[in-house]
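**Q** fold the stuff below for me.
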Amino acid sequence: MRVAELMQTKMRTAGLDSTLSEVVQSLADGHVTALPVVDREGRLLGVVSNADILQAQAEGVESNSWRDVLVQDVMSRPALTVAPDVEVHAAARQMLYGDVHRLFVEHNGKLAGVLSQTDLIRVLAMENS
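**A** Next up is the predicted model:
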């Protein structure tokens, strides 16, 4: 099975100039724990996750100062990526060794999807039923 068969293609994204307040709302609305950060052409620049937001909040001098922090100031770079034609088992190993919960799928230099641990668990659950 290939990554392209499992990846999610409907994704919320963030821009470099998005605020953490906007990201928190998007994460909550989408029931996800991270957003890919992309430029206007859809190229992947990094990832902003719950952990990045919590760190910004912990470092905020004022109680709500973290809300206006820009994504570009806290995002993780580079985001780990995988090609759509990679075997799912290889992608799972990459997640494990990279200690990440998701891989972003790039095709022709642009963000095409995301493969998460949840996607992998879903497949395992279906194989065993």
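**Q** touching, Met1 and Glu87? I think so.
**A** Yes - assessed by C-beta atoms under 8 Å, Met1 is found in contact with Glu87 at 7.1 Å. Just so you know, the C-beta spots here come from the backbone N, C-alpha and C atoms, and that holds for glycine as well.
**Q** and the helices in the protein?
**A** Under the criterion DSSP state H, the chain contains helices at 3-6, 20-30, 50-59, 88-98, 117-127.
**Q** would you turn those helices into TSV with distance to His107 and mean neighbour count?
**A** Shown next, in TSV, are the helices of the chain (distance: least, C-beta to C-beta, whole Å; neighbours: other C-beta atoms under 10 Å):
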stretch	distance to His107	mean neighbour count
helix 3-6	9	17
helix 20-30	22	16
helix 50-59	25	15
helix 88-98	14	14
helix 117-127	17	12
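**Q** now mean pLDDT and distance to Ala14 too, for those, in CSV please.
**A** Putting these into CSV (pLDDT from 0 to 100; distance: least, C-beta to C-beta, whole Å) gives the following:
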stretch, mean pLDDT, distance to Ala14
helix 3-6, 96, 22
helix 20-30, 95, 5
helix 50-59, 88, 11
helix 88-98, 95, 21
helix 117-127, 87, 20
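**Q** take the ones you listed and write them to a markdown table, including distance to Asp73.
**A** Shown next, in a markdown table, are these (distance: least, C-beta to C-beta, whole Å):
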| stretch | distance to Asp73 |
| --- | --- |
| helix 3-6 | 31 |
| helix 20-30 | 9 |
| helix 50-59 | 8 |
| helix 88-98 | 23 |
| helix 117-127 | 27 |
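**Q** which one of those helices lies closest to Ala79?
**A** Nearest to Ala79 among these is helix 88-98; the distance by C-beta to C-beta comes to 10.2 Å.
**Q** now do that closest one against helix 117-127, angle only.
**A** Interaxial angle of helix 88-98 relative to helix 117-127 (axes from the mean of the first three to the mean of the last three C-alpha atoms, to 10 degrees): 140 degrees.
**Q** tell me the helices and strands packed up against helix 88-98.
**A** helix 3-6, strand 81-82, strand 102-107, helix 117-127 (3 or more C-beta pairs under 8 Å, 6 or more residues apart in numbering; DSSP states H and E).
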